[in-house]
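A.B. asks: Everything below, folded, please.
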Amino acid sequence: MAIHKIQINDFISEDYELIAIHSSLEDYKLAYAINTILETRLIKNESNIEIAISEGKSAFSNYIFDDEESDVQWSLIENKTTIVNSKKKTSQLFDQVDITVFLLPEYKKADYLLKIENIDYDFDEEDMIEKILSIKNVTTAYTIETTNLKSKNNLIF
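C.D. replies: Now for the predicted structure:
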């Protein structure tokens, strides 16, 4: 009897684009600006993206839009969050330490990630990046190459 092993890489889809966004805007303001400029309808997802680390659980807020007409899913995710780690049960001054956790540690300077799934071949990412760069308080935006990304499993949600 033959044994067939299924690898996690068999299920990872590469048909998405990932755009890093550097911005000082709050997440809801950036989602509104993206909705305005790209004509999307990103809405706040009530369930956060959680990643467990040794210090505790981290929760990343995200906004989603499922474009049923073109079958494209949009996700705006914050790339960094802070969790409070209490060393001891006492409540002294320096017992609590804030720990910054990144969804993609390779891109620590990126504030937000825009993941666009099920895109067509005629997808114009350069035009989209130009539109994102026209948003006030967006410093820069660029495409992330996902093939060599070490933490791409964090993008499965």
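A.B. asks: List of residues touching stretch 119-136?
C.D. replies: Stretch 119-136 is contacted from outside by 15-17, 19, 21, 23, 25, 30, 33-34, 37-38, 70, 72, 114, 116, 138, 140-143, using CB atoms under 8 Å, 6 or more residues apart in numbering. In short, each C-beta sits where N, CA and C put it, glycine included.
A.B. asks: in the chain, which spans are strands?
C.D. replies: 16-23, 43-44, 49-53, 56-60, 62-67, 72-78, 80-86, 96-102, 112-117, 138-143 (DSSP state E).
A.B. asks: for the longest one, packing partners?
C.D. replies: Going back to what we said before, that points to strand 16-23. Packing partners of strand 16-23 (3 or more CB pairs under 8 Å, 6 or more residues apart in numbering; DSSP states H and E): strand 112-117, helix 125-133, strand 138-143.
A.B. asks: The first one pairs with which strands, and in what direction?
C.D. replies: The reference is to strand 112-117. When pairing is defined by DSSP bridges, strand 112-117 lines up against strand 16-23 (antiparallel), strand 72-78 (antiparallel).
A.B. asks: Most tightly packed of those strands?
C.D. replies: strand 72-78 (a mean of 20; mean count of other CB atoms under 10 Å).
A.B. asks: That strand - what's its average pLDDT?
C.D. replies: The pLDDT scores in strand 72-78 average 91.
A.B. asks: now the angle between strand 56-60 and that strand, please.
C.D. replies: Relative orientation of strand 72-78 and strand 56-60, computed by axes from the mean of the first three to the mean of the last three CA atoms, to 10 degrees: 120 degrees.
A.B. asks: Give me the residues contacting strand 72-78.
C.D. replies: Identification of contacts with strand 72-78 by CB under 8 Å, 6+ apart yields 27, 30-31, 34, 40, 42, 49, 60-67, 103, 111-119, 157.
A.B. asks: about what we covered before: looking at the strands of the chain, which one has the lowest mean pLDDT?
C.D. replies: Ranked by mean pLDDT, the strands of the chain bottom out at strand 80-86, with a mean of 74.
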